[in-house]
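[1] Give me coordinates for this.
(one chain, ligands or ions: 1)
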Amino acid sequence: MLVDSHAHLDRSRYADDREAMLGRAWQAGVGAVLAIGIGEGPAEMHQALDICREYNGRPSLPRLYASAGIYPHNTTEADDAALAKLDSLLGEPDVIACGEIGLDYYHEGAPHDVQRKGFIRQLEIAAARKRPILIHCRGTNESTDAWDDLFLVLEEQWRGTGLSGIMHCFGGGWEQARRSLDLGFLVSFAGNLTYPKAQPLREVAERLPLDSVLVETDAPWLAPDRGKRNEPAFVVRTAQVLAETMGKELEEVAVATTNNFKRLFHLTEDVGNC
Ligand SMILES: [Zn+2]
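    Here you go, the predicted model:
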């Protein structure tokens, strides 16, 4: 059984077949999915939790968990009301993480200082609620600018909490992976690990210990077959490529990534077969 550690299940692209899509994930061996609660902005932060409530308990579907957070480019909307909403969502038992939050200097959007301020305010809320964080980090083209700023913030504002997190859709180099492990974070690989041009990323994955990795889809984006709509069932393909890259059996990677997910979030219930 696998865990898809990052999927945007609330997107309207699933409006017509959400239950069938989750059923395909279960059939493919996906025992749990972390539904990301960022929506198109803070007004939609609750939608991932709504989806958990709608589908959990139905037979032959993965166990769903939710996150809540304000995406870097939506931090222009991170006012007191939005942050209060985040705080109350993080108090819900099924909202196990704060994210995806972080810094994105790649796309045009919120100014960098607004992103940093919104990020730090969310770290304070996540720390008070004792919720691990899901990090989105992307620098300007080949630059590590966003990563450098990210680690400055995490060292100052997060390390002391003793809480952990996930580097979602990891796209950094070895230095960024090493610093993530040093902070006690897990490194999560998405479908881009399978792309032909992703050899540098696979070289990072190859060096990581099994107890530090996760797999995710980032669905509906980043399908292993580019251009198609992604969905949690396709996380199997990323796990296969990760297993080949690390020189392990798929089964070993499935057990390790599921146990890593459970350990990070202190989950005691069964997730699939683990
Ligand atoms: Zn995402």
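
[2] Distance of Ser212 relative to Arg18?
    With distances defined as CB to CB, to the nearest Å, the gap from Ser212 to Arg18 amounts to 32 Å. For every residue, glycine as well, the C-beta is placed using N, CA and C.

[3] Also Arg131?
    According to CB to CB, Arg131 and Arg18 sit 25 Å apart.

[4] and the longest strand for the chain?
    If you go by DSSP state E, the chain has its longest strand at strand 95-104.

[5] Can you spell out which helices and strands pack onto that one?
    The contact analysis (3 or more CB pairs under 8 Å, 6 or more residues apart in numbering; DSSP states H and E) places strand 95-104 against strand 63-68, helix 80-90, helix 112-128, strand 133-138, helix 145-157, strand 165-167.

[6] Now with 6 Å, please.
    In terms of contact count using 3 or more CB pairs under 6 Å, 6 or more residues apart in numbering; DSSP states H and E, strand 95-104 is assigned the packing partners strand 63-68, helix 112-128, strand 133-138, helix 145-157.

[7] so which of those comes closest to Arg13?
    Checking these against Arg13 by CB to CB gives strand 63-68 as the closest, at 17.2 Å.

[8] Name the residues of the closest one that come out as buried.
    Of the residues in strand 63-68, those buried by neighbour count under the rule 16 or more other CB atoms under 10 Å are Arg63, Leu64, Tyr65, Ala66, Ser67, Ala68.

[9] Is Arg179 in a helix, a strand, or coil?
    Assigned state for Arg179: helix (three-state reduction, DSSP: H, G, I helix; E, B strand; the rest coil).

[10] and it, how many residues sit next to it?
    18 (other CB atoms under 10 Å).

[11] Give me the distance between it and Val114.
    24 Å.

[12] Each with direction, which strands does the helix or strand encompassing Val187 pair with?
    Assessed by DSSP states H and E, Val187 sits inside strand 186-189. In its sheet, strand 186-189 lies beside strand 165-167 (parallel), strand 213-215 (parallel), with partners assigned from DSSP bridges.

[13] can you put those in CSV and add mean neighbour count?
    CSV is the format used below for the strands paired with strand 186-189 (neighbours: other CB atoms under 10 Å):
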stretch, mean neighbour count
strand 165-167, 27
strand 213-215, 27
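
[14] Tabulate those strands (CSV), appending distance to Thr75.
    As requested, these are exported to CSV (distance: least, CB to CB, whole Å):
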stretch, distance to Thr75
strand 165-167, 18
strand 213-215, 25
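
[15] ok, Pro42 touching Ile70?
    Yes: counting by CB atoms under 6 Å, Pro42 touches Ile70, with 5.5 Å between them.

[16] Which one's more surrounded, the two?
    Higher neighbour count among Pro42 and Ile70: Ile70, with 30 against 23, using other CB under 10 Å.

[17] roughly how far apart are the nearest residue to that one once chain neighbours are set aside and Met246?
    Spatial nearest neighbour of Ile70, chain neighbours left out: Ala78 (4.9 Å); criterion: CB to CB, 6 or more residues apart in numbering. When distances are taken as CB to CB, Ala78 and Met246 turn out to be 38 Å apart.

[18] same check, this time on Ala256
    Where Met246 is concerned, Ala256 sits at a distance of 9 Å (CB to CB).

[19] One more: Ala205?
    Ala205 is 7 Å from Met246, by CB to CB.

[20] hey, what's in contact with both of the two?
    Among the neighbours of Ala205, none is also in contact with Met246 (CB atoms under 6 Å, 6 or more residues apart in numbering).

[21] and the angle for the strand or helix carrying His6 with strand 133-138?
    When secondary structure is defined using DSSP H and E, the element that contains His6 is strand 2-7. Regarding strand 2-7 and strand 133-138, their directions subtend 60 degrees when assessed with axes from the mean of the first three to the mean of the last three CA atoms, to 10 degrees.
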